[in-house]
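Student: Mind folding the following:
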Amino acid sequence: MPPQTEQVRQAPLLLDNKDYEIMRLLQENAKLTIREIASQVHLSPTPTHERIKRMEREGVIRKYVALLDNRKINKGIIVIVQISLKVHNKKAAQEFIDAVLNFKEVTECYNISGDFDFMLKIVTESMESFHSFSMNKLSEIPGIAQTKSIFVMDTIKDTHHLL
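Tutor: The predicted structure is shown next:
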């Protein structure tokens, strides 16, 4: 399925307190077994499994991942790059998005309001590798009017928890 570039309003899935308890547990540790989750939310394994499958099917639970420590895998440089486009229309935005989606260095991309159109989070090995990315990939995207790079000095809070 191609990535969506516009937020689509959908009717919210009806979730109850047990669903939220299950999601909180999975956010904390997605390796918990169905039996362990069921025990903690005071349900039997079958309805717990059915709830999880429903939330997966409906897209509430998008995927299960391993969170890596960027510093321990030689990805110690984090740069926030703000970008404005020369032309503001769907075609120009989609061309930019299509290019960015192919860059492994870009871990997050947001369409934002204000002085800039997009904000990227770039994680890389070194200042030299960021410079190479900036010069050889990012600056080659047609239609960019301006960029502003902000170098992260330290990470104070980095969480995936929504609940």
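
Student: in the chain, which spans are helices?
Tutor: For the chain, the helices defined by DSSP state H occupy 17-28, 34-41, 45-57, 90-100, 127-136.

Student: Reformat those helices as CSV; add mean neighbour count, mean pLDDT and distance to residue 149.
Tutor: To be clear about C-beta, it is placed using only N, CA and C from the backbone, and glycine gets the same treatment. Shown next, in CSV, are these (neighbours: other C-beta atoms under 10 Å; pLDDT from 0 to 100; distance: least, C-beta to C-beta, whole Å):
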stretch, mean neighbour count, mean pLDDT, distance to residue 149
helix 17-28, 15, 97, 31
helix 34-41, 16, 98, 42
helix 45-57, 15, 97, 37
helix 90-100, 15, 96, 15
helix 127-136, 14, 97, 7
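
Student: and of the ones you listed, who's closest to residue 144?
Tutor: Among the helices of the chain, the nearest to residue 144 by C-beta to C-beta is helix 90-100 (7.4 Å).

Student: what about the helices of the chain, which gets the closest to residue 145?
Tutor: helix 90-100 (10.1 Å).

Student: just how off-centre is that closest one within its chain?
Tutor: Put simply, helix 90-100 sits 18 Å off its chain's centre (C-alpha atoms, centre = their mean, to the nearest Å).

Student: check contacts around the spatially most central residue of the chain.
Tutor: With distances taken as C-alpha atoms, centre = their mean, residue 108 lies nearest the centre of the chain, 5.2 Å away. Shown in contact with residue 108 (C-beta atoms under 8 Å, 6 or more residues apart in numbering): 120-121.

Student: again, only this time at 6 Å
Tutor: residue 121 (C-beta atoms under 6 Å, 6 or more residues apart in numbering).
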